[in-house]
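Participant: return atomic coordinates for the entry below.
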Amino acid sequence: MLSAMRWMLAALALALGCSRGSETPEEQVRGVLAALEAAAEARDVGALGEHLSKSYRDAQGNDRSSALGIATAHFMRNSSVYVLSHVAALEIPEPGAARAEVVVALAGTPIREPGDLLGLRADLYRFDLRLRDEGGTWRVISAAWQPATPSDFE
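Facilitator: Next up is the predicted model:
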């Protein structure tokens with residue numbers, strides 16, 4: 001169950017959106033992904049929930065409400081959450097839609113760089129995220145994940 005909570009946390013971590021400015025859609029999505037790392041480390045379920053689409057569904061069948069419940073349980077069990085992420089691919093296939101492939105490491109101790117992963121116990125995942133621009137805010141509408149390895153961060 002702990003592992004399930006960690007992958008869900010990572011999925012939620014990747015769900016934080018940002019509002020539109022003068023940035024390109026790709027810059028906005030990259031901003032979302034950077035902000036997600038900070039939100040997860042802050043253990044802020046409220047911020048995560050603001051940026052999950054109401055129609056969110058993940059590969060495990062979780063909807064928005066159950067995903068936030070899993071994140072809450074994880075935060076209650078873990079006093080510290082450290083995240084290292086790497087955007088492996090990002091595309092905007094059509095206006096208002098984005099796909100991001102992101103590699104994420106979650107640990108209970110700080111992760112400063114990919115080389116730290118060799119000496120840490122961390123959960124590693126590769127996420128396929130689908131985002132949609134919903135009224136000027138990018139929100140995650142779906143997520144799928146699989147295990148990753150330290151070499152995926154290179």
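Participant: so for the longest helix seen in the chain, what gets flagged as buried?
Facilitator: Using DSSP state H to define each element, the chain has its longest helix at helix 25-41. For helix 25-41, burial by neighbour count (16 or more other C-beta atoms under 10 Å) applies to 25, 28-33, 35-37, 39-40. Heads up, the C-betas are built off the backbone N, CA and C, glycines and all.
Participant: please apply the same query to stretch 104-114.
Facilitator: Neighbour counts over stretch 104-114 (16+ other C-beta under 10 Å) mark 104-107, 111, 114 as buried.
Participant: check what contacts that stretch and list those residues.
Facilitator: 6, 9-10, 13-14, 40, 78, 80-86, 116-117, 120-127, 148, 150, 153-154 (C-beta atoms under 8 Å, 6 or more residues apart in numbering).
Participant: how about D116, what does it touch?
Facilitator: 84, 110.
Participant: got any ranges where the chain has weak pLDDT?
Facilitator: Where the chain drops to pLDDT under 70, the residues are 1-21.
Participant: residue boundaries of the helices in it?
Facilitator: Using DSSP H, helices in the chain cover 2-13, 25-41, 45-50, 64-77.
Participant: in strands only, show me the buried residues of stretch 104-114.
Facilitator: Counting by DSSP state E, these place 104-107 in strands.
Participant: how about CSV for these, with distance to H51 added?
Facilitator: Shown next, in CSV, are those (distance: C-beta to C-beta, whole Å):
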residue, distance to H51
V104, 16
A105, 21
L106, 18
A107, 23
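Participant: before we move on, the earlier item: most widely separated two among the buried residues of stretch 104-114?
Facilitator: L106 and P114 (13.9 Å; C-beta to C-beta).
Participant: show me what V140 is bridged to.
Facilitator: On DSSP bridges, the residues paired with V140 through beta bridges are L52, L131.
Participant: distance of it from A97?
Facilitator: Computed as C-beta to C-beta, to the nearest Å, the V140 to A97 distance reads 12 Å.
Participant: for stretch 115-127, measure first residue to last.
Facilitator: Terminal residues of stretch 115-127 are spaced 20 Å apart (C-alpha to C-alpha, to the nearest Å).
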